[in-house]
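Chemist: Requesting a structural model of the entry that follows:
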Amino acid sequence: MDEPEQETSHLVRNVGIGAGAITVLLVALIIVPIIPDLMRDKWELYNADRVSARLEEADRLQQSDSLAALKIYDEVLKEAGAHEVTDEQLSKKLASAETSRSALEQKSQLRAEQEASLAAHRKRIAFARAPLADVKTVDTLEPKQLGSGRDFIVRVQVWDDTDRKPIHEKAEIWFRGHGSWWLKPASKSGAAAMNLGRREMDVKFTEDDAVQFYPEGRTGPKISIPLMMTAAMNPEGSQRDTIIINIDDAEIEVIGLPIEAAIGKTTLKFDRMTGESLSHIDPILLTAEQEKALQRQAKSTDPSSEIIGRWLDTSPLLGGKITIFRKDGRFFMEYKYNDGSGDITELVETRSQVGRRFDYKPDRGNDEYYLIDSRGDLQELDRGGPFVTFKKLN
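Modeler: Below is the predicted model of the structure:
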């Protein structure tokens, strides 16, 4: 090849290389800036409006349907957690939703604990007020003639509701003239009953002849339990006339008709470690005017709801009004307590041959449910049958 031709060939090749380099550079200048945008998570771009609307819905539902609000928060936060969120406004909404969800969950857990405590309290009240029935007890005491009156068995039942602080090894109940009952061996199964002795009818109690309870043994505090037996009680002892002592980690609750007969109070509460009286809870006795006022207030807060029924709870703790209603094909129970608080729980109707049955949704695993009986009253039941009945409000 001649020298001029060779130079031309080199020139053409160099020009080609240069053009190729320029092309690559131009492509790089065009593509490289858009690569981050191509790689960026587009989820928030297409879903921000939908997510915001769902979070606003959950915010609105916090008071009326806490379970539905929790469900929405969980679904949205789980979905958002799988993506990168860079929008400042959306990030703030998700952070606020996380805070609201945590608070709502804590409130729901607290309410569930309160309901469980209230249900246990209702059972004990119902047990103390149950119809007269034959009762098998630890021992049998022969009737004695005390003066000119009749004498009655004094029966005590202990419930072990402790969790972190078990019943003391030397916890003792003492009844003058009849000896002691040591609780630890007797209460291993969670509840135990004992006929302590006999008391003459209508005898006023004194500090010395009250039932004495030593929750931490004789070296600890002493709790005096007042009692008086009346002609309305069963001389041979009964469920209705039993004095019930409930022991938990911090408090001791004492319930029973003999206490009410003695001092006009159904329930007494004490600090377990000091024996100090915490409160006297009077039985709820409604006047005719109060009951009429409750019936006037028995209106659904949501006019679109179908009311299944309304009932009155006169238990000595919170008490209040119960409403079961249907909305959008779902059943709910609204509890409006006398202290001004309230709660809504979802129910599911279950087929029953003895009335309309409603179970908790989701199931709480404690076998408790509600039944509207043939009279229209609302019963709360478990595996052992009804333990409280709420009067129908017209």
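
Chemist: What residues does the closest residue to His83 other than its chain neighbours make contact with?
Modeler: Leaving aside its chain neighbours, His83 sits nearest to Trp43 (3.9 Å; criterion: CB to CB, 6 or more residues apart in numbering). For the C-beta atoms, the positions are set from N, CA and C on the backbone; glycine is no exception. Contact analysis of Trp43 by CB atoms under 8 Å, 6 or more residues apart in numbering lists 83-85.

Chemist: ok, which stretches of the stretch 251-394 of the chain are helices?
Modeler: Residue ranges of the helices in the stretch 251-394 of the chain, as given by DSSP state H, counting those that start in this stretch, are 257-263, 288-297.

Chemist: Those: lowest mean pLDDT?
Modeler: Within those, confidence is poorest for helix 288-297, with a mean of 51 (mean pLDDT).

Chemist: residues contacting the residue lying closest to Arg330 once chain neighbours are set aside?
Modeler: Excluding the flanking residues, the one nearest Arg330 by CB to CB, 6+ apart is Glu346, at 6.4 Å. Residues in contact with Glu346 (CB under 8 Å, 6+ apart) are 65, 67, 330-333, 360-361.

Chemist: Which pLDDT value belongs to Glu346?
Modeler: 90.

Chemist: swap in Ile322?
Modeler: Per the predicted model, pLDDT is 91 at Ile322.

Chemist: isn't it right next to Met333, touching?
Modeler: Yes - taking CB atoms under 8 Å as the definition, Ile322 is a contact partner of Met333 at 6.5 Å.

Chemist: From the contacts of Glu346, which land in strands?
Modeler: Those of the contacts of Glu346 mapping onto strands are 330-333, 360, per DSSP state E.

Chemist: Which of these ranks first by neighbour count?
Modeler: With neighbours taken as other CB atoms under 10 Å, the top of the ones in strands among the contacts of Glu346 is Phe332, carrying 22 neighbours.

Chemist: From Leu278, how far out is that one?
Modeler: Look at Phe332 and Leu278: by CB to CB, to the nearest Å, they are 34 Å apart.

Chemist: Pass me the low-pLDDT residue ranges in the stretch 201-350 of the chain, would you?
Modeler: In the predicted model of the stretch 201-350 of the chain, residues 204-209, 279-303, 315-319, 338-341 satisfy pLDDT under 70.

Chemist: Please enumerate the strands of it.
Modeler: Per DSSP state E, counting those that start in this stretch, the stretch 201-350 of the chain carries strands over the ranges 211-214, 223-225, 243-247, 251-255, 267-271, 277-281, 306-313, 320-327, 330-337, 342-350.

Chemist: Tabulate these in a markdown table, adding columns for distance to Thr99.
Modeler: Formatted as a markdown table, these follow (distance: least, CB to CB, whole Å):
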| stretch | distance to Thr99 |
| --- | --- |
| strand 211-214 | 45 |
| strand 223-225 | 44 |
| strand 243-247 | 37 |
| strand 251-255 | 33 |
| strand 267-271 | 35 |
| strand 277-281 | 34 |
| strand 306-313 | 33 |
| strand 320-327 | 28 |
| strand 330-337 | 26 |
| strand 342-350 | 21 |
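
Chemist: What number of neighbouring residues does Ser102 come out with?
Modeler: 11.

Chemist: average pLDDT for the host helix or strand of it?
Modeler: Counting by DSSP states H and E, the element that carries Ser102 is helix 88-128. Per-residue pLDDT over helix 88-128 has a mean of 73.

Chemist: neighbours around the closest residue in space to Gln379 that isn't next to it in sequence, how many?
Modeler: Excluding its sequence neighbours, the residue lying closest to Gln379 (CB to CB, 6+ apart) is Pro386, at 4.3 Å. Pro386: 15 surrounding residues under other CB under 10 Å.
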